[in-house]
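Asks: need a structure here:
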Amino acid sequence: MTDTAFAVPATEAAPRWPVRYLLFIAGLGGLLYGIDIGIIAGALPYLEATASHAWQLSSQQLGFVVAAVLLGSVLSSLFAGLVADLIGRRGAMLLAGVLFTASIPIMALASGYTPLLLGRLLQGISGGLIGVVIPLYLAEVLAPERRGRGAAMFQLLLTIGLVLAALIGLYQAHAVDDATRAVGHLPLAQQAQELFAVKDHAWRTIFWSCLLPGVVFCAGVLWLSESPRWLVRRGRLDAARRSLQRTLPASQVERTLADIQAPVAARADGQRDRLLSMRYMVPFLLACVVLACTQATGINSVLAYAVNILNQAGLPGAAANGADVAIKLLNAVMTVVALLLVDRKGRKFLLMLGSGGICVALLGAAMLFFKAEQGRLDVQPRIQQMVLADGLQLELDPSQWRQLAGTHMRGDQPMQLTVSYAYGGFSDVRSLRSDNPSDHLLGIQRDATVRADSVIGSFFRRLHLNPFPDPAAAADAPLHIDQAWIGPVPSAQHGWMVATCILVFVAFFAVGPGVCVWLALSELMPNRIRSNGMSIALLINQFVSTSIAAIFLPTVGQHGYASMFLFWAGCTFVFFLVATFWLPETKGKTLEQIEAHFR
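Replies: Okay, the predicted model is just below:
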């Protein structure tokens, strides 16, 4: 079989509208995946300002709320291949849409930490299914010359989902800023009370805005045809033929059907085909490494925490949300560029280009944060002296800010105080700004930091297998202030310089890993292990992403943002080496030809 075996004659083309509809619905799945990742960025500042006080959430719990989508993806990725094999690719896509739609009211109506976390987990489970099943479906349904564009369309709608989430967050940011100006004449305590209701309404509205895309996706999936390769494995040849007729020229249908049947028939005839042979393990491991390195760039954490990162870099309120929208828009625009290049330049070239550019951008952001964080003043001994009865209630009025900052106070420039503290093994981080009316009080209490074990945690602690801190040991532990740093909030110019680095990062990610990771996931996997192999590879991908998102807030609180960006840059350099020296080119080859390459 030659590389041109499936080339489409100039006089004959695949059915146009069925293919376009298929790409649209698959892309709409990408839209949901993008909303999964991006919606928390706009909601998180208001969750911190309201839910963290009303429900006594720690920074670790807020990190879990952010990471819950990724954790849900990990859980569903483990079983996504099995589900796709059991109920079909189309059935798995419908299940993903239903779970996403159900998660919205659970989050928007949440009255505590548990339902909010549950809704985010359901959203993540939906995302994990989408991340496995839709690339799998596109790889099995589309002709080789359309496969790159299909993956690019999925990624393009994913980026549009991120843009949509950012626009929703920007709209609510302007509403909150307007409310802040309206109550500016009131005393600080009354300002905080008035703004609490506004911010609580803001994050709930952000979640409600995501309901419609989920409903449309669920309805659209009902009109898709099933994957012909799944149908052949089930012995439904007539249905597989009809499915191929919707995406291929008539002259290619029977030839393609015969090629799909050949490996199935060979296994039925008893030919030796060990699952752990090198022909399977090498492409499987390559796909796993590519997916793990993609998340180790920090892309999901940058997108989820974009507003927080830009606030810390010096951009105020709506300006940070505006920069977040610019980041998501650039992501979408550069994905269109990738769509035009992926079937021309190839996957290997774009991954090398993308990972190299990402590494440079991350190093730039790390250097900027390192310079800003060098000028902070250590006030840990003074904060520790203010602790009374293993608690702290510090009123941060203008005079108190001046007293803490001393000579580091520069005119009217706002100041920032970051405090890391612990009761025994239970630690937390608080970051407060002098220009935020909600940050007029630094309150630390044992009840808000030390959390009781859950039922599962108690069970494992009885077996001496629970790795998390022991509530009983922390019940009498004194409050210890681990770190307390105060310094001026970086200038807006510094904030825009960091935003520029993130824009460069996102542009190179969109051109390279953003599109090519889905192709690597679906193209490198041999037919026999594709569904389960993709599940395991995406499981590794989401595990890396979840781990990074979960440790992000505690890490930047303890060690600063520079350390996190340096870590991502190191991981991205490894990605560049893998793409350069080990990844084969799969452009223009059928799935069967790619599998033959590894024999």
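
Asks: Output the contacting helices and strands for the longest helix seen in the chain.
Replies: Longest helix in the chain, counting residues (DSSP state H): helix 59-108. Using 3 or more Cβ pairs under 8 Å, 6 or more residues apart in numbering; DSSP states H and E, the elements in contact with helix 59-108 are helix 16-49, helix 113-141, helix 188-208, helix 211-221, helix 228-233, strand 426-433, helix 530-559. Just so you know, the C-beta spots here come from the backbone N, C-alpha and C atoms, and that holds for glycine as well.

Asks: Show the low-confidence segments of the stretch 251-400 of the chain, by residue range.
Replies: By pLDDT under 70, the low-scoring segments of the stretch 251-400 of the chain are 262-280, 317, 343.

Asks: ok, now with 90
Replies: Scanning the stretch 251-400 of the chain for pLDDT under 90 picks out the ranges 251-296, 298-352, 370-380, 382, 387-391, 393-400.

Asks: for it, what spans make up the helices?
Replies: 278-296, 299-304, 306-313, 317-345, 347-374, 380-385, 398-405 (DSSP state H, counting those that start in this stretch).

Asks: Can you name every helix or strand that the fourth one contacts?
Replies: Helix 317-345 is packed against helix 16-49, helix 144-182, helix 306-313, helix 347-374, helix 492-511, helix 513-523, with contacts defined by 3+ Cβ pairs under 8 Å, 6+ apart.

Asks: Return the most buried member of those.
Replies: helix 513-523 (a mean of 28; mean count of other Cβ atoms under 10 Å).

Asks: got the helices of the stretch 251-400 of the chain as TSV, with distance to Lys199 columns?
Replies: Below are the helices of the stretch 251-400 of the chain laid out as TSV (distance: least, Cβ to Cβ, whole Å):
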stretch	distance to Lys199
helix 278-296	30
helix 299-304	18
helix 306-313	13
helix 317-345	12
helix 347-374	27
helix 380-385	27
helix 398-405	22
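
Asks: mind checking which of those helices is nearest Ser251?
Replies: helix 317-345 (21.6 Å; Cβ to Cβ).

Asks: does Ala332 really touch Gly161, like I thought?
Replies: No. Contact criterion Cβ atoms under 8 Å: Ala332 and Gly161 do not qualify, at 9.3 Å.

Asks: In contact with Lys328, which residues?
Replies: Counting by Cβ atoms under 8 Å, 6 or more residues apart in numbering, Lys328 makes contact with Gly38, Thr159, Leu162, Val163, Ala165, Ala166, Leu303.

Asks: nearest to Phe207, of the helices of the stretch 251-400 of the chain?
Replies: helix 299-304 (14.5 Å).

Asks: now what about that closest one, what contacts it?
Replies: With Cβ under 8 Å, 6+ apart, helix 299-304 has contacts from 37-38, 40-41, 44, 66, 70, 162, 309, 327-328, 502, 505-506, 509, 513-514, 545, 548-549, 552, 564.

Asks: how does it look with 6 Å?
Replies: For helix 299-304, the surrounding residues in contact (Cβ atoms under 6 Å, 6 or more residues apart in numbering) are Ile37, Gly38, Ile40, Ala41, Val66, Phe509, Ser545, Ile548, Ala549, Phe552.

Asks: Repeat that for stretch 175-189.
Replies: Gln191, Glu194, Val198, Lys199, Ala202, Gly317, Ala318, Pro437, His440.

Asks: Can you tell me which of those lies closest to Gly495?
Replies: Among those, and counting by Cβ to Cβ, the member closest to Gly495 is Gly317, at 11.4 Å.

Asks: of the helices and strands packed on helix 59-108, which approaches Gln155 most closely?
Replies: Nearest of those (Cβ to Cβ): helix 16-49, 6.3 Å.

Asks: what comes into contact with whatever helix or strand comes next after the closest one?
Replies: Downstream of helix 16-49, the next assigned helix or strand under DSSP states H and E is helix 51-54. Outside of helix 51-54, the residues within contact range by Cβ under 6 Å, 6+ apart are Leu57.

Asks: give me that answer again for 8 Å
Replies: Leu57, Ser58, Leu62, Tyr113, Leu116, Phe196, Asp200, Trp203.

Asks: Measure how far that helix is from the centre of its chain, please.
Replies: 24 Å (Cα atoms, centre = their mean, to the nearest Å).

Asks: What average pLDDT does that helix get?
Replies: Per-region confidence: helix 51-54 scores 74 on mean pLDDT.

Asks: CA-only coordinates of that helix in PDB, if you can.
Replies: Extracted in PDB, the C-alpha atoms of helix 51-54 (Å, rounded to 0.1, in the frame of the first residue of the first chain):
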ATOM      1  CA  ALA A  51     -17.100  31.300  48.900                       C
ATOM      2  CA  SER A  52     -13.700  31.200  50.600                       C
ATOM      3  CA  HIS A  53     -15.200  33.400  53.400                       C
ATOM      4  CA  ALA A  54     -18.800  32.000  53.500                       C
END
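
Asks: before we move on, the earlier item: can you list the helices and strands packed on helix 317-345 in JSON lines and add distance to Val450?
Replies: Formatted as JSON lines, the helices and strands packed on helix 317-345 follow (distance: least, Cβ to Cβ, whole Å):
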{"stretch": "helix 16-49", "distance to Val450": "20"}
{"stretch": "helix 144-182", "distance to Val450": "32"}
{"stretch": "helix 306-313", "distance to Val450": "25"}
{"stretch": "helix 347-374", "distance to Val450": "29"}
{"stretch": "helix 492-511", "distance to Val450": "35"}
{"stretch": "helix 513-523", "distance to Val450": "40"}
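
Asks: Out of the ones you listed, which gets nearest to Ala472?
Replies: Closest among the helices and strands packed on helix 317-345, once you apply Cβ to Cβ, is helix 16-49, at 29.3 Å.

Asks: The closest one to helix 188-208, inter-axis angle?
Replies: 160 degrees (axes from the mean of the first three to the mean of the last three Cα atoms, to 10 degrees).

Asks: that older thread, which one of the contacts of Lys328 sits closest to Val74?
Replies: Within the contacts of Lys328, the smallest distance to Val74 is 17.7 Å, found for Leu303 (Cβ to Cβ).

Asks: still on that earlier bit, out of the helices of the stretch 251-400 of the chain, nearest to Ile106?
Replies: helix 299-304 (19.2 Å).

Asks: Look up how far Leu22 lies from Arg246.
Replies: Separation of Arg246 from Leu22 (Cβ to Cβ, to the nearest Å): 8 Å.

Asks: Quick check: neighbours shared by the two?
Replies: Common neighbours of Arg246 and Leu22 (Cβ under 8 Å, 6+ apart) are Ser225.

Asks: The helices of the stretch 251-400 of the chain: which one's closest to Ala477?
Replies: helix 380-385 (14.6 Å).

Asks: Tell me the buried residues in the closest one?
Replies: Neighbour counts using 16 or more other Cβ atoms under 10 Å place Gln380, Ile383 of helix 380-385 among the buried residues.

Asks: So Leu224, which state does it fall into?
Replies: Assigned with DSSP: H, G, I helix; E, B strand; the rest coil, Leu224 falls in the coil class.

Asks: Could you measure from the residue most central in space within the chain over to Phe509?
Replies: The C-alpha lying nearest the average C-alpha coordinate of the chain belongs to Asn300 (Cα atoms, centre = their mean; 3.4 Å). Asn300 is 11 Å from Phe509, where distance means Cβ to Cβ.

Asks: Please apply the same query to Ala405.
Replies: From Ala405 to Phe509 the distance is 38 Å (Cβ to Cβ).
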